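**Student:** Got a sequence here, can you model it:
(2 chains)
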Amino acid sequence: MLDITNLERRWFKYKLKRIFPYGLLVTLILVLGLSIPLIFSKGSPAPIDSLPKNSIKTAISTPVETTNEESSMILQPSMQFIQSMGAVPETDTTVPDTTLLGSSKNSVTSNTVKLPPVEASSSQSQNVKVPIAPTIKAPLPLVKGKLTSIKRDDVAFDIHEIEDRFKNNSNPNLGLYIAHYHYDHGNYAEAYNYALKTNAINSSMDDSWLIFAKSLVKLGKEDQAKKTLQLYISNSNSQNAKNYLETLTKETSK
Amino acid sequence: MEPSLFSKPRDLFVDVVNPKDYVQIDSVSHIYQSLKNSVQKPLKMILLYGRPGTGKSMLLHKLHHDLSKHQKVYMIDIPIIDEDDFLRVLAQKTYSYASREPLSLTKFLELSAAVNFPIIPIVLLDEAQLYSSALMEKIRLISDARALKFVITLHKTDNEEIIAKEHFQTRIWESIELHNASYEELKIYIQKKLLKANCFDVANMINDNNIKLINKLTRGNYRDANKLMFALFTLYTWYEEHNPHKIKYNALSKKYIEMAAIHTGLIRA
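**Tutor:** As a prediction, the model looks like this:
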């Protein structure tokens, strides 16, 4: 069961984290936006003169007491803000005010955070879906390049390909398979070779030793086959090898 | 007690692979059809790969469900890592080989040669990336010998370009890649699933913005989408029971979707 209270708390924290950079940005813009009229009004002497002195003092608290040079320094940020808003062509590139630099940094970082698409609530309520079946039936483009990729290789079975794999990875199962294949196709010399290689890789595979011995028999080397089997039996005590040796001995005695 | 409006939709999105829950989406249907065609061809191995949550297992189960009516199809959905066990289970399934003795590959191939099926049986292997190289080599040999036909699924991950793996560089015969759902596909998937179960009211609540958000959170991963929707409807069921005034029935709440995403771990909070 879901812990709804905990989940709501986590969601609230998550939202705060998400909203914070944007909130900061909006606050900065608001502060700058509000300060522009003040700065402009301070920059033009005529209206100031026309106002009563007391009201000027209350409207512009600290900057009023600055010198003419300082006031020109204050004008620069506001002009740059206007430039950044695209209202005035860029003329002055010097930005001495550190507070403004800080705010521009904030705006950059906030731009990198992806906002979920914000939709007007009214449009949401208007767009309440009447189902659905007709929209679903609208066919999608079948294969959009990325959607499906089907590759096919219709090459027929090729023992050489397995032989190559065996060369590359020396897997004894492959060696045994190839030895079997050659034995079944009457290529006893090849069967012998592959069984020999397989035995060298894994000396405990009954089937490989049997194919090895059988190939020797087919190549007319029965004595060698018997010796090999005896040697293998002495090491492994393999019942299959014993049976084959017995059969072989019976056949040769006949 | 009256059943909740959201309990049925919730149960629809339980993350279980069931071919009966298969939702037909054009691009996936196209892939499925070509997969079915490939299985009928004398191909020996078919590889189905893609990122997690792209619907590989579902396709495999669907294939099993459909083909088993006409031919011998065997599904191994939980990987059998041990080589001997694998061959023994395979022999048991396909050739009714009952022995508990370890089964060598040669013996397996002898068994297969002794049984003459009119159509080569198909073995479906899910999660094949878990099999060892040695076992994969045996599987390839079995398919090379045309004893069995294999359809295997593999995860494609960022670190591991499976298709480039040694096993599959040559002779895949057919490889099919599945991709994550697009926005439209996810929309169709969710809507069709709801409509199939006659959940019209809930289906009507889901608007484009909801789908956009769900798609963004799940990145088109069907499994994640199922989990998210399950958690979402669980939330709705709770609110309907305890705080019904908080539910607006004209659209799914963004807040609840985000809460469900937090619960399922799609959002870190």
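**Student:** Any residues of the stretch 1-150 of chain B in contact with chain A? List them.
**Tutor:** Counting by C-beta under 8 Å from any C-beta of the partner chain, the stretch 1-150 of chain B comes close to chain A at B:25-27, B:30-31, B:34, B:38, B:43-44, B:104-107, B:109, B:133-134, B:137-138, B:141, B:144-146. Just so you know, the C-beta spots here come from the backbone N, C-alpha and C atoms, and that holds for glycine as well.
**Student:** Inside helices: which ones of those?
**Tutor:** Members of the residues of the stretch 1-150 of chain B next to chain A lying in helices (criterion: DSSP state H): B:26-27, B:30-31, B:34, B:38, B:105-107, B:109, B:133-134, B:137-138, B:141, B:144.
**Student:** per-residue pLDDT, the nearest residue to B:His242 once chain neighbours are set aside?
**Tutor:** Leaving out its chain neighbours, the residue that sits closest to B:His242 by C-beta to C-beta, 6 or more residues apart in numbering or on different chains is A:Ile4, at 7.8 Å. You'll see A:Ile4 listed with a pLDDT of 90.
**Student:** A:Ile4: neighbour count?
**Tutor:** Neighbourhood size, A:Ile4 [other C-beta atoms under 10 Å in any protein chain shown]: 16.
**Student:** show me what contacts A:Ala189?
**Tutor:** Contact partners of A:Ala189, counting by C-beta atoms under 8 Å, 6 or more residues apart in numbering or on different chains, are A:Ser215, A:Leu219.
**Student:** buried set for the helix or strand it falls within?
**Tutor:** In the assignment (DSSP states H and E), A:Ala189 maps to helix A:188-201. In terms of neighbour count (16 or more other C-beta atoms under 10 Å in any protein chain shown), helix A:188-201 has its buried residues at A:Tyr188, A:Glu190, A:Ala191, A:Tyr192, A:Asn193, A:Tyr194, A:Ala195, A:Leu196, A:Lys197, A:Thr198, A:Asn199, A:Ile201.
**Student:** Pull up the gap between B:Glu185 and chain A, please.
**Tutor:** 7 Å (C-beta to the nearest C-beta, to the nearest Å).
**Student:** for the residue of the stretch 1-150 of chain A found nearest chain B, what are its contacts?
**Tutor:** Proximity of the stretch 1-150 of chain A to chain B (C-beta to the nearest C-beta) peaks at A:Tyr14, 3.7 Å away. Residues near A:Tyr14 by C-beta under 8 Å, 6+ apart: B:Glu258, B:Ile262, B:Ile267, B:Ala269.
**Student:** near chain A, from these?
**Tutor:** Applying C-beta under 8 Å from any C-beta to the contacts of A:Tyr14, those adjacent to chain A are B:Glu258, B:Ile262, B:Ile267, B:Ala269.
**Student:** Out of these, give me the two with the largest separation.
**Tutor:** Greatest spatial distance among the ones next to chain A among the contacts of A:Tyr14 (C-beta to C-beta): B:Glu258 and B:Ala269, at 8.5 Å.
**Student:** still on that earlier bit, between the ones next to chain A among the contacts of A:Tyr14, which is nearest chain A?
**Tutor:** B:Ala269 (3.7 Å).
**Student:** Work out for me the element the residue lying closest to the closest one once chain neighbours are set aside sits within.
**Tutor:** Nearest non-adjacent residue to B:Ala269, counting by C-beta to C-beta, 6+ apart: A:Tyr14, 3.7 Å away. A:Tyr14 belongs to helix A:4-43 when assigned by DSSP H and E.
**Student:** Could you pull out the buried residues of that helix?
**Tutor:** Within helix A:4-43, judged by 16+ other C-beta under 10 Å, the buried ones are A:4, A:7, A:10-11, A:14, A:18, A:21, A:25, A:28, A:32, A:36, A:39, A:42.
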